[in-house]
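Engineer: What would the 3D arrangement of this be:
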Amino acid sequence: MKNVQAKTYFEIHYESEISDRSWYRIKRALRESGLEITRENLQLIADLKRRTVYTKLSLKQLIFCHYSALQIANKRVLIKGDVVYRELQKISSNKAHRTTIIRWFQSVPKKEGKYFDKNRDYKAEELVPVFAAACLYVQKKLSQKLPLSK
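Structural biologist: Numbering: from 1, shown residues only. Next comes the predicted model:
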């Protein structure tokens, strides 16, 4: 895929034009993450950038979080809600509040009026955005530096 075609394809899925400088940063992040410039990867990056516009995380960190979430979700076919909850607590080192963890489930389709139920069996594919949100939470916490007290 030629550079101009790839940039145009990205802009279509990102739903906005980007500068040449931004485009080269995106290409560098793809290259450093070990990804090729393909239609699928460009669409994935556009979706990640659109969903996480206001985060201070780098694109490389977002890609890492997404693929970490895919690896975690691919470990099992069906996962019980309470097991998922405990796994999310482990990922966040028990720092995420219960409400925060439940909020991560808003990307999962509702069942019986609830996004999260500890007795529900979740498909691994449904949990990719949930685990990605947990990884983003951890990355945000790691990147925030607390001011030194005097």
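
Engineer: contacting residues around stretch 48-68?
Structural biologist: Outside stretch 48-68, the residues within contact range by Cβ atoms under 8 Å, 6 or more residues apart in numbering are 14-15, 25-26, 29-30, 32-33, 35, 44-45, 128, 131-132, 135-136, 139-140, 143. Every C-beta, even on glycine, is put in place using the N, C-alpha and C of the backbone.

Engineer: That stretch - what's its average pLDDT?
Structural biologist: When pLDDT is averaged over stretch 48-68, the result is 76.

Engineer: Give me the distance between the two termini of it.
Structural biologist: One end of stretch 48-68 sits 14 Å from the other (Cα to Cα, to the nearest Å).

Engineer: buried ones in it?
Structural biologist: Taking 16 or more other Cβ atoms under 10 Å as the basis for neighbour counts, the residues of stretch 48-68 that come out buried are 48-49, 52, 55, 57, 59, 61-68.

Engineer: For those residues, work out which two are farthest apart.
Structural biologist: Of all pairs drawn from those, the greatest distance, 17.6 Å, lies between Lys49 and Ser68 (Cβ to Cβ).

Engineer: Show me this structure divided up by domain.
Structural biologist: 1-51, 53-150 (automatic domain parsing).

Engineer: chain center to the shortest one: distance?
Structural biologist: In other words, domain 1-51. The gap between where domain 1-51 is centred and where its chain is centred comes out at 16 Å by Cα atoms, centre = their mean, to the nearest Å.

Engineer: tell me how far the ends of that domain are from each other?
Structural biologist: By Cα to Cα, the extent of domain 1-51 from end to end equals 25 Å.

Engineer: Stretch 109-122 too?
Structural biologist: Start-to-end span of stretch 109-122 (Cα to Cα) is 10 Å.

Engineer: one step back: got a ChimeraX select line for the buried ones in the contacts of stretch 48-68?
Structural biologist: Selection of the buried residues among the contacts of stretch 48-68 in ChimeraX, burial being defined by 16+ other Cβ under 10 Å:
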select :14,26,29,30,33,35,44,45,128,131,132,135,136,139
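
Engineer: Among the contacts of stretch 48-68, which lie within helices?
Structural biologist: Per DSSP state H, helices hold the following members of those: 14, 25-26, 29-30, 32, 44-45, 128, 131-132, 135-136, 139-140, 143.

Engineer: Alright, I will stop here.
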